[in-house]
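Novice: Coordinates for the following, if possible.
(2 chains)
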Amino acid sequence: QQQVKQSPQSLIVQKGGISIINCAYENTAFDYFPWYQQFPGKGPALLIAIRPDVSEKKEGRFTISFNKSAKQFSLHIMDSQPGDSATYFCAASIGSNYQLIWGAGTKLIIKP
Amino acid sequence: NAGVTQTPKFRVLKTGQSMTLLCAQDMNHEYMYWYRQDPGMGLRLIHYSVGEGTTAKGEVPDGYNVSRLKKQNFLLGLESAAPSQTSVYFCASNRRGSVSYEQYFGPGTRLTVT
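Specialist: As a prediction, this is how the structure comes out:
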């Protein structure tokens, strides 16, 4: 119930294409769903986040789509660029408990 | 501001040796975390602290100990290293009462146990 399942494990997209990474959860008590971006040799950094009362959140080329009934959320990267090549993690958290439950990560490669 | 820093960046240990990883943050954050990252397994929480002098176990605490004697520092100890503890270790912190729950990560420590 505490798991967050992320897919795919790896993804190759052509420059200019749309990258889509999916996550699914079981615990309906989760109330915060962030996405983190990690470049090689660096720690993860918050990219964008959403709460379950919102179906979509957009920041620049990055969009989170949230489907509460299906208990799924996804990250869309529009006009993907080589600089977007990184590992992306979805996560989930509950209330005042600041712990995050992490997905396994997706290694994204954008081909020029 | 340096943010979250970790010492050392790399370390090689022999089985049975001990070591301490140091995490320091200059953002006055109350909450601090130690994670390990292994390929295909995401980030797994080892221990965390909600304030100076308090620590708690995370998902994978066995073989590790922690201490938070000062608000800005969080130490992770391995008393008797095992090859299964070969991993990349990340420290993170965040502020109590933060709306975004954003965790700020250090650059990581790559540990190899032979």
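Novice: didn't A:Gln37 look like it was pressed against A:Ala86?
Specialist: Yes: using CB atoms under 8 Å, A:Gln37 makes contact with A:Ala86 at a distance of 5.1 Å. The way it works is simple: take the backbone N, C-alpha and C, and place the C-beta from them, glycine included.
Novice: near chain B, which residues of chain A show up?
Specialist: A:6, A:9, A:32, A:34, A:41-46, A:49, A:89, A:93, A:98-100, A:102-105 (CB under 8 Å from any CB of the partner chain).
Novice: Would you mind listing which of those are buried?
Specialist: Buried members of these, scored by 16 or more other CB atoms under 10 Å in any protein chain shown, are A:6, A:32, A:34, A:43-44, A:46, A:49, A:89, A:93, A:98-100, A:102-105.
Novice: Out of the residues you listed, which is nearest to chain B?
Specialist: Nearest to chain B among these, counting by CB to the nearest CB, is A:Gly43 at 3.0 Å.
Novice: can you confirm the closest one is in a helix?
Specialist: No: A:Gly43: not assigned to a helix; according to DSSP: H, G, I helix; E, B strand; the rest coil it is coil.
Novice: Please name the residues that touch it.
Specialist: Residues near A:Gly43 by CB atoms under 8 Å, 6 or more residues apart in numbering or on different chains: B:Val4, B:Phe90, B:Ala92, B:Phe105, B:Gly106, B:Pro107, B:Gly108.
Novice: So which of those is the closest to chain A?
Specialist: Nearest to chain A out of these is B:Phe105 (CB to the nearest CB; 3.0 Å).
Novice: residues touching that closest one, list them.
Specialist: A:Gly43, A:Pro44, A:Ala45, B:Val4, B:Phe90, B:Cys91, B:Ala92 are the contacts of B:Phe105 under CB under 8 Å, 6+ apart.
Novice: tell me which element the residue most central in space within chain B falls in.
Specialist: Centroid-nearest residue in chain B: B:Trp34, 2.7 Å away (criterion: CA atoms, centre = their mean). Using DSSP states H and E, B:Trp34 falls within strand B:31-37.
Novice: by contact count, what packs against the least confident helix or strand in chain A by mean pLDDT?
Specialist: Within chain A, confidence by mean pLDDT, DSSP states H and E is lowest for strand A:97-102 among all helices and strands, at a mean of 81. If you count contacts as 3 or more CB pairs under 8 Å, 6 or more residues apart in numbering or on different chains; DSSP states H and E, strand A:97-102 packs onto strand A:86-94, strand B:43-51.
Novice: What strands line up against it, and which way round?
Specialist: According to DSSP bridges, strand A:97-102 forms sheet pairs with strand A:86-94 (antiparallel).
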